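>>> predicted model and sequence below, questions to follow.
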Amino acid sequence: MNIMLDNEWRFFEGDPAPHDPADGWGGAKARAYSNGAAAVDFDDSGWREICLPHDFVSEKKYCFDSAAGSDMGDIPEMESIDSRLFAGGCLEGGAAWYRKKFRLPQGCGNKRVYIHFGGVYRNSTVYLNQYYVGAHASGYGSFYYDITDFVDYGGENVIAVRVDASGREGWWYEGGGIYRHVYLEVADAVHIGPHSLFAYAENVNTETRSAVFNVRFEALNKTTEAVMIRAVTEIISPQGDTVAENEEELTVPAWDASRAECTFAVQKSELWDLDNTDKLYTAAVSLYAGDLLLDSAAVKFGVRDMRFDADSGFFLNGRHMKIKGVCCHIDTAGVGIGVPDSIKAELAAKIKDMGANAVRIAHCPPSEEFLNICDSLGLLVYAETRRMSSAPEDIDVLRAMVRLCRNHPSVFLWGIGNEEIFSQHRPETARTTITMKSEIKKLDPTRPVTSAVVCWDGIQRYDSAEKYIDVTKQLDVMGFNYCRTAWDDYHRRMPDQPVIVTEESSNGSTRGCFGTDETAGQYFPFDKDNSKKCKVGVKADRYELGETAWRAVAERNYIAGEFIWTAFDYRGEPTPLKGKVVSSQFGVMDYCGMPKDGYYYFASWWSDKDILHVFPNGSRELKSEDVYCYTNADEAELFADGVSLGKKTVERNWYVKWENVSCSPGGLTVKGYKNGRPVSEKTAPATGEPLSLCISCAKIVKKGETVPIGIHIADKNGNVVPDACNSLHFKTDGGTLIGTGNGNPADTDSEKEPYRRAFNGFCRVLVKADGKNITLRAEADGLKTAECKITVIK
C-alpha cells in the first residue's frame with residue numbers, strides 16, 4: 001500500500017530558534033530531538049501551508065549585490081560569468097524546514113513502513129516523532145528510509161525535514177526544497193524489497209518476436225524467525241491476459257533477505273517502440289504464507305531490442321535510428337525545480353512534437369514520473385547520475401537511479417560523468433569508471449554505459465581525444481561533448497567502440513529578438529556585430545553552431561546521434577551576456593516552452609512535418625537585412641512586397657539565406673517547393689497596436705493537475721503583436737495560481753504574484769486545479785480582457 005504525502009505540509013524558510021535540534025539531549029538520547037522544529041509539539045501554526053512539489057528558492061528575490069566572487073572565466077563558454085551566483089541565476093539558497101502530520105490507516109499495526117523521497121535539494125535531515133531518521137547530502141536522486149521503529153501506529157505522527165540549499169552541486173540554477181513527490185509504503189513484515197523488482201526481456205528476435213523474460217526480486221523477512229513462503233510470478237500482457245506464470249518456494253532467513261529470479265520463454269511478444277508505446281507488459285509478484293497473501297508488487301516493462309554498432313550507430317527493434325536528442329535541466333518558469341507532473345508531460349510533448357526522439361536530463365537522475373511520461377509518449381531517455389565518483393554516498397545515488405529507472409523501456413543509456421575536466425584523463429578515473437560500470441551492470445545487465453567527455457583539461461582544449469583513451473576505452477559507448485575535431489580521429493583509434501555525441505550546440509537566442517542587445521539581455525546568433533556588442537566578444541559569435549553540429553552528426557554513420565544543448569532555456573548560465581541576465585538562452589524553446597527560431601531548424605530535419613519558417617518574420621519594416629529560412633522543402637522562394645528574390649535550393653540539414661532584403665511591414669512571403677510543386681507558404685502579417693488579450697488552455701483537467709494557460713497580445717485583426725510587453729494582471733477563481741512566466745531571460749519580477757509583464761507578445765500562467773471549476777481572467781490597461789473557464793473532474 002502506497003500513501004501519497006504531497007499535501008498539507010507546513011513550510012518555514014530559515015532555522016527557527018533554537019536553531020539546532022541537537023540542543024538539550026538531542027543526538028545523545030533516543031527520541032530526544034525535542035528542541036526546535038524537530039519537536040513533536042513545536043508550534044508551526046504560523047508557518048505557510050504548501051503542497052509538494054515545492055522549490056522555495058524560486059520564490060525569493062533576485063540578488064546581484066553579492067554576485068562578485070570567484071571568477072569562472074577560465075571555463076570555456078562561461079567567460080561572461082563573474083561568479084557562482086550568476087551561474088546559478090542570482091537566486092541564493094539557504095536553510096528551510098518542512099513539517100507534516102499524518103496518521104496511518106487502520107490495520108497497519110505491525111506492518112513495515114517506509115518513506116520515499118523523490119528528490120530533496122539538498123543536504124536534507126529527516127526526523128519523525130523526535131527521532132532522527134536519516135540524512136541525505138545530495139540534492140539529486142531518490143532515497144527512502146525504513147521508519148517502522150519510529151512510527152506511531154495508532155496516533156498522530158510528525159515528520160520534520162530540514163534542507164540546506166546554501167551549498168551547490170552544479171553550476172546552474174538548482175533551487176531548494178522537497179521538489180518531487182513523497183509517499184509512504186506500508187508492507188507486511190515479510191515483503192518484496194523496495195525497488196528490488198526488476199523485469200526485462202533479452203534475446204529478443206524482432207522478426208519472430210520471441211524473447212526471454214527475466215524477473216528478479218528480493219524477499220525481505222523482518223521477523224526473528226526464518227519463514228517459508230510461496231512466490232508467484234505472473235507475466236501479464238498489454239491486454240491484461242496472463243501469458244506466463246511461475247511458482248516457487250523460498251526460505252527467507254530471520255531478519256534477512258532471499259533473492260529470486262525466474263525466466264520465461266515467450267513467443268510472439270509485443271514490441272514496445274517509439275510509435276507503439278502501449279505495448280507494456282506487467283510483471284506481478286505475490287508472496288504467500290500458505291494461502292495467506294503477505295505482499296504483492298508489480299512493475300511495467302517493455303520488450304524491445306536496442307543495440308549500438310561501432311560503424312552504423314543505433315538500432316531499435318532492428319531498425320536503424322539516428323538519435324535526435326535534447327538535453328534538459330529540471331526547472332521551468334513559474335515553479336523552478338518543483339515541476340508538477342502535468343507540466344512535465346506538457347514539456348515532454350513539446351520535445352516530441354519537434355521531432356526529437358531522446359532526452360537527457362542534465363546532469364542528474366530523472367524522476368519516475370518523467371520516465372512514465374517518456375514510456376507512454378515514445379521518448380528514449382539517457383539517464384545520468386550527478387557525480388562521477390565511487391565515494392559511498394555517490395555510489396548510493398547511482399544505485400538508486402538504476403533501481404528506479406531500469407524497468408522503463410524508454411531508458412536506453414546510462415551516464416556516469418559529464419565534462420570531468422579535472423580527472424577524465426587520469427589513471428584513477430579509469431578505475432572509477434570500472435567501479436561505476438560494474439555497479440550498474442550488477443543491477444542492470446541490459447544497457448550500455450557512457451560518459452560525456454570534453455576535450456579540455458581545465459587549462460587548454462585539444463583537437464584529439466587521444467589522452468583520454470585509457471579512461472574512455474572502459475565505456476560501452478564513447479560520449480563526446482562538442483569536440484568536433486576529435487570525432488573522426490577517435491573513431492580511427494577505437495574502431496570497435498560505438499560513439500554518440502552526448503552534447504552539442506543548438507544556437508542560443510532570445511525569442512522574438514533579431515539583434516543583440518547585451519544591456520537588455522537579448523541575443524541573436526546571426527547578428528554580424530555580436531563580437532562588438534558583447535563584452536566577451538570572442539564567445540559571442542555563435543553563427544551556425546547548431547546547424548553545423550547536426551549536419552556533421554547526420555553525415556557520419558558511425559555516430560549514433562546527438563543531444564543538443566538544450567531543449568529549453570533554464571535559470572543560470574547566462575553566457576555569453578554580462579549584466580543582469582538571470583537565465584540561459586541555449587534552448588530552442590524559451591523558459592516557458594515557447595519555440596524560438598532555432599526550434600524550426602531541428603524540426604525541419606528531425607520531424608516528418610512540412611516546415612517553413614522565415615526570420616526576421618517581416619511583420620515590421622526590413623531595411624537591407626539578411627533573411628533566413630528553416631525548411632525541409634527542396635526549394636524556398638522569398639518574396640519582398642510581391643517581388644521574387646529568387647528560389648534557393650535547400651541543402652539537406654542546412655538552411656537558406658537572402659541578403660540585404662528590404663520590404664514594408666507584412667510584405668515578406670516565403671514559399672516552399674517539393675518536386676517542383678509548391679507545398680507551403682508563409683506570410684507574417686503587418687501588426688497594429690495591441691488591442692486585446694487572448695487565452696489558450698485545456699478545457700478539462702483533473703483535480704490536482706496544474707494547467708498551463710497561454711496568453712498572447714493581439715491587434716485588431718487577431719494577430720500576435722510580436723513586440724508587445726504590456727503588464728498583465730490575473731484573477732483566478734476555483735484554482736490556485738502557482739506561477740507565471742514570459743520567457744524573458746532578463747526579467748527579474750516575481751513569478752509568484754498575480755501579475756506579469758508579457759514578453760514579445762506572450763505570457764504564461766500556471767494554475768493548480770484544487771477541485772472546483774477554474775475561471776482565470778487576464779487584464780491589462782487599455783486592452784480588452786480575456787477569460788477562460790476550465791472544468792475540473794476527479
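Ah, there it is.
>>> measure the residue nearest to H329 when sequence neighbours are not counted to G743 for me?
Spatially, and ignoring its direct neighbours in sequence, H329 is nearest to Y570 (4.0 Å; Cβ to Cβ, 6 or more residues apart in numbering). Bear in mind the C-beta positions are built from the backbone N, C-alpha and C, glycine included. Distance of Y570 to G743, computed by Cβ to Cβ, to the nearest Å: 12 Å.
>>> joint contacts of these two?
Each of Y591 lies in contact with both Y570 and G743 under the rule Cβ atoms under 8 Å, 6 or more residues apart in numbering.
>>> for F422, grab the count of nearby residues.
When neighbours are defined as other Cβ atoms under 10 Å, F422 has 10 of them.
>>> next one: the nearest residue to it once chain neighbours are set aside from K437, what distance?
For F422, ignoring the flanking residues on the chain, the nearest one in space by Cβ to Cβ, 6+ apart is G458 at 5.4 Å. Distance of G458 to K437, computed by Cβ to Cβ: 24 Å.
>>> now do the domain split for the protein, please.
Per automatic domain parsing, the structural domains of the chain span 2-51+92-187, 192-302, 319-507+544-570, 612-683, 692-793.
>>> ranking the ones you listed by burial, who's on top?
Most buried of the domains of the chain by mean neighbour count (mean count of other Cβ atoms under 10 Å) is domain 319-507+544-570; its value is a mean of 21.
>>> quick revisit: could you measure from the residue nearest to F422 over to E419?
Going from G458 to E419 by Cβ to Cβ gives 10 Å.
>>> P685 too?
45 Å.
>>> for E573, same thing?
13 Å.
>>> same deal with K268?
Relative to E419, K268 is positioned 45 Å away (Cβ to Cβ).
>>> nearest to K61, out of the domains of the chain?
When the domains of the chain are compared by Cβ to Cβ, domain 692-793 sits nearest K61, at 7.5 Å.
>>> just the terminal-to-terminal distance for the closest one.
Terminal residues of domain 692-793 are spaced 30 Å apart (Cα to Cα, to the nearest Å).
>>> how about stretch 420-427?
13 Å.
>>> now that stretch, how far from the centre of its chain.
26 Å (Cα atoms, centre = their mean, to the nearest Å).
>>> check stretch 348-355 too.
13 Å.
>>> quick one: contacts of that stretch?
Contacts of stretch 348-355 (Cβ under 8 Å, 6+ apart): 324, 326, 328, 359, 370, 373-374, 377-379, 567, 588-589, 593, 595, 599, 602-603, 605-609.
>>> which of those residues fall in helices?
Using DSSP state H, the subset of the contacts of stretch 348-355 located in helices is F370, I373, C374, L377, Y599, F602, A603, W605, W606.
>>> I'd guessed the residue nearest to F422 sits against E420; true?
No - counting by Cβ atoms under 8 Å, G458 sits too far from E420 to count as a contact (10.0 Å).
>>> which strand residues bridge I115?
Assessed by DSSP bridges, I115 has beta-bridge partners Y145, L184.
>>> and what of I500?
Counting by DSSP bridges, I500 forms beta bridges with G479.
>>> residues in contact with it?
Here I500 is in contact with 308, 314, 323, 413, 450, 477-480, 559-562 (Cβ under 8 Å, 6+ apart).
>>> what does S296 give?
With Cβ under 8 Å, 6+ apart, S296 has these contacts: I192, A284, V285, S286, L287.
>>> need the max-distance pair from those residues.
Largest pairwise distance in the contacts of S296, by Cβ to Cβ, is 11.3 Å, between A284 and L287.
>>> what distance do you get for the residue sitting furthest away from the middle of the chain to S662?
For the chain, the residue at maximal distance from the C-alpha centroid (Cα atoms, centre = their mean) is V643, at 45.7 Å. For V643, the distance to S662 equals 10 Å [Cβ to Cβ].
>>> repeat that for W606.
W606 is 33 Å from S662, by Cβ to Cβ.
>>> strands - which of the contacts of I500 land there?
Secondary structure assignment by DSSP state E places F308, F314, I323, L413, T450, M478, G479, F480, I559, A560, G561, E562 of the contacts of I500 in strands.
>>> quick one: the fourth one and S451 touch, right?
No - shown here, L413 and S451 do not form a contact pair, counting by Cβ under 8 Å, at 10.6 Å.
>>> give me the phi and psi for the residue lying closest to G336 once chain neighbours are set aside.
Spatial nearest neighbour of G336, chain neighbours left out: S58 (2.9 Å); criterion: Cβ to Cβ, 6+ apart. The phi and psi values for S58, taken as degrees, to the nearest 10, are phi -70, psi -10.
>>> contacting residues for S58?
By Cβ under 8 Å, 6+ apart, the contact set of S58 is L91, G175, D331, V335, G336, I337, G338, G739, E751, K752.
>>> tabulate those residues (a markdown table), appending pLDDT, secondary structure and distance to E428.
As requested, the contacts of S58 are exported to a markdown table (pLDDT from 0 to 100; DSSP: H, G, I helix; E, B strand; the rest coil; distance: Cβ to Cβ, whole Å):
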| residue | pLDDT | secondary structure | distance to E428 |
| --- | --- | --- | --- |
| L91 | 93 | coil | 35 |
| G175 | 98 | coil | 32 |
| D331 | 99 | coil | 33 |
| V335 | 99 | coil | 40 |
| G336 | 99 | strand | 36 |
| I337 | 99 | coil | 32 |
| G338 | 99 | coil | 37 |
| G739 | 99 | strand | 44 |
| E751 | 97 | coil | 43 |
| K752 | 98 | coil | 46 |
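>>> could you give the number of residues near R84?
By other Cβ under 10 Å, neighbour count at R84 equals 15.
>>> from Y179, how far off is it?
Relative to Y179, R84 is positioned 20 Å away (Cβ to Cβ).
>>> nearest to Y131 among the ones in strands among the contacts of I500?
L413 (40.3 Å).
>>> contacts only, for the residue nearest to the closest one when sequence neighbours are not counted.
Excluding the flanking residues, the one nearest L413 by Cβ to Cβ, 6+ apart is Y382, at 4.6 Å. By Cβ under 8 Å, 6+ apart, the contact set of Y382 is G325, A358, V359, R360, I361, F412, L413, G415, T450, T502, F563.
>>> ok, the closest residue to the last one other than its chain neighbours to F602 distance?
Right, the one you point to is F563. What sits nearest to F563 in space, not counting adjacent residues and going by Cβ to Cβ, 6+ apart, is G325, at 3.7 Å. Between G325 and F602 the computed distance is 10 Å (Cβ to Cβ).
>>> show me the helices in this protein, by range?
Using DSSP H, helices in the chain cover 84-87, 341-354, 368-377, 392-405, 427-443, 469-472, 487-493, 530-533, 545-554, 597-606.
>>> kindly reformat these as JSON lines containing distance to Q522 and mean pLDDT.
Listed next are the helices of the chain as JSON lines, based on distance: least, Cβ to Cβ, whole Å; pLDDT from 0 to 100:
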{"stretch": "helix 84-87", "distance to Q522": "17", "mean pLDDT": "78"}
{"stretch": "helix 341-354", "distance to Q522": "23", "mean pLDDT": "99"}
{"stretch": "helix 368-377", "distance to Q522": "31", "mean pLDDT": "99"}
{"stretch": "helix 392-405", "distance to Q522": "38", "mean pLDDT": "99"}
{"stretch": "helix 427-443", "distance to Q522": "40", "mean pLDDT": "99"}
{"stretch": "helix 469-472", "distance to Q522": "39", "mean pLDDT": "97"}
{"stretch": "helix 487-493", "distance to Q522": "33", "mean pLDDT": "98"}
{"stretch": "helix 530-533", "distance to Q522": "10", "mean pLDDT": "88"}
{"stretch": "helix 545-554", "distance to Q522": "18", "mean pLDDT": "97"}
{"stretch": "helix 597-606", "distance to Q522": "13", "mean pLDDT": "98"}
